[in-house]
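Enquirer: Sharing a model prediction with you, sequence too.
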Amino acid sequence: MRDTVPDKPGFRGSMVSDRYAARDSELRRRLKGAGLRPTRQRLHIAEILFAKGDRHLTAETLYAEARNTRYPPSLATIYNALRDFAAQGLVREIALYGSRTWYDTKTGPHFHYYLEACDDLFDIPEESIPDINVPVPAGMRIAGVDVIVRLEPVAPGERDAEQSNPRGARPSSRAQPPVEPFEIR
Ligand SMILES: [Zn+2]
């Protein structure tokens, strides 16, 4: 009877390694497709970077995550890899005044909120994206539009001031959709 019981931990282990192999070859394809040689370090950094879906991070954040892995890359290696990934369009680079460079794993056009108090960058919901319509000088075209809306928390008792739109923002006739919940670190 005992012999017929499947070896569950071994079975699970092989599924994990299959999944790892599939992920590894997908990342190799992705790097090669972007014209980057899939070195062990680049693969390792890409694995950590893309493991959690769409997100915004700095080299330092990625370095902190990578430190828990078996062969942690140096911060300089992470900087170089992120710069290469950004140059080849695998991630989007977002420069903020007075802050470190951020990287966004979502590369399509979209805009951002930046919460200075928490040093947190997150997406403006697509349904709230402002329509930017600016004249373009002759002989030029718009290569891209980056919008970062800086946020600050409203102190209790300040709500009236906030609702009166002191900065001249166009008042909305309908309630604004709630902002996606975000993590405060
Ligand atoms: Zn984003």
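Expert: Yep, that arrived.
Enquirer: all helices of the protein, in order?
Expert: 8-33, 40-50, 59-66, 75-87, 159-163 (DSSP state H).
Enquirer: Which of these has the lowest mean pLDDT?
Expert: The minimum mean pLDDT among those belongs to helix 159-163 (a mean of 58).
Enquirer: Kindly reformat the helices of the chain as CSV containing mean neighbour count and distance to the ion.
Expert: The way it works is simple: take the backbone N, C-alpha and C, and place the C-beta from them, glycine included. Shown next, in CSV, are the helices of the chain (neighbours: other CB atoms under 10 Å; distance: least, CB to the ion, whole Å):
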stretch, mean neighbour count, distance to the ion
helix 8-33, 12, 19
helix 40-50, 19, 14
helix 59-66, 17, 14
helix 75-87, 18, 13
helix 159-163, 10, 25
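Enquirer: Same list (those) but as CSV, adding distance to residue 149.
Expert: As requested, these are exported to CSV (distance: least, CB to CB, whole Å):
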stretch, distance to residue 149
helix 8-33, 31
helix 40-50, 25
helix 59-66, 21
helix 75-87, 22
helix 159-163, 14
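Enquirer: Identify the residue nearest residue 124 in space, chain neighbours excluded?
Expert: residue 111 (4.4 Å; CB to CB, 6 or more residues apart in numbering).
Enquirer: Next, the contact list for the one you found, please.
Expert: Contacts of residue 111 were listed using CB atoms under 8 Å, 6 or more residues apart in numbering, and they are 123-124, 129-130, 145-149.
Enquirer: what subset of these is also close to the ion?
Expert: If you filter these for contact with the ion, counting by CB under 5 Å from the ion, you are left with residue 123.
Enquirer: Out of the contacts of residue 111, which end up buried?
Expert: Neighbour-count burial (16 or more other CB atoms under 10 Å) applied to the contacts of residue 111 gives 123-124, 148.
Enquirer: Pick the one among these closest to residue 98.
Expert: residue 148 (11.9 Å; CB to CB).
Enquirer: All set now, cheers.
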